[in-house]
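Novice: make a model of this:
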Amino acid sequence: MVELPTGGLVGMIIGILIVGLVVGFFGARWFFKRQLEKNPPINENMIRAMFMQMGRKPSEAQVRAVMNSMKRNSK
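Specialist: Model (predicted):
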């Protein structure tokens with residue numbers, strides 16, 4: 001069996017952790033960007049535009065109600 005000095009073992013563990021953190025960071029960033037491209041967040045201006053396309057002028061209460069319902073459904 002091969003024996004490693006304690007310092008070598010600690011160095012390997014720290015190196016593996018650093019590599020894992022770097023790979024995890026870039027992987028998570030890539031995944032997050034991809035999800036935002038597929039599912040862009042909807043804001044109040046988009047809801048107003050949707051109402052206008054349907055031929056209605058939305059009140060602020062209606063816009064906020066739609067935003068609140070979307071927030072509730074996304075959880």
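
Novice: and the longest helix for the protein?
Specialist: As assigned by DSSP state H, the longest helix anywhere in the chain is helix 6-38.

Novice: just the buried positions in whatever helix or strand comes next after that helix, please.
Specialist: With elements assigned by DSSP states H and E, the helix or strand that comes after helix 6-38 is helix 44-53. Buried residues in helix 44-53, counted by 16 or more other CB atoms under 10 Å: Ile47, Arg48. C-betas here are computed from N, CA, C, even on glycine.

Novice: and the next element down the chain from helix 44-53?
Specialist: That would be, after helix 44-53 and using DSSP H and E, helix 60-74.

Novice: name the residues of that following helix that come out as buried.
Specialist: For helix 60-74, by 16+ other CB under 10 Å, it's Val63, Val66.

Novice: where does the chain have low pLDDT?
Specialist: For the chain, the stretches flagged by pLDDT under 70 are 1, 74-75.

Novice: need the contact list for the residue nearest to the spatial centre of the chain.
Specialist: Central residue of the chain (CA atoms, centre = their mean): Phe32, 4.5 Å from the mean position. Not one residue lies near Phe32 by CB atoms under 8 Å, 6 or more residues apart in numbering.

Novice: measure it to Phe26 for me?
Specialist: 11 Å (CB to CB, to the nearest Å).

Novice: how is the protein partitioned into domains?
Specialist: The chain breaks down into these domains under automatic domain parsing: 1-40, 41-75.

Novice: might one say that Ala57 is in contact with Phe51?
Specialist: Residue 57: Lys, not Ala. Yes: Lys57 lies in contact with Phe51 (CB atoms under 8 Å); the separation is 7.1 Å.

Novice: phi, psi for Pro58 please.
Specialist: phi -80, psi 150 (degrees, to the nearest 10).

Novice: residue contacts, the spatially closest residue to it that is not a sequence neighbour?
Specialist: For Pro58, ignoring the flanking residues on the chain, the nearest one in space by CB to CB, 6 or more residues apart in numbering is Phe51 at 3.9 Å. Phe51 makes contacts with Lys57, Pro58, Gln62, Val63, as judged by CB under 8 Å, 6+ apart.
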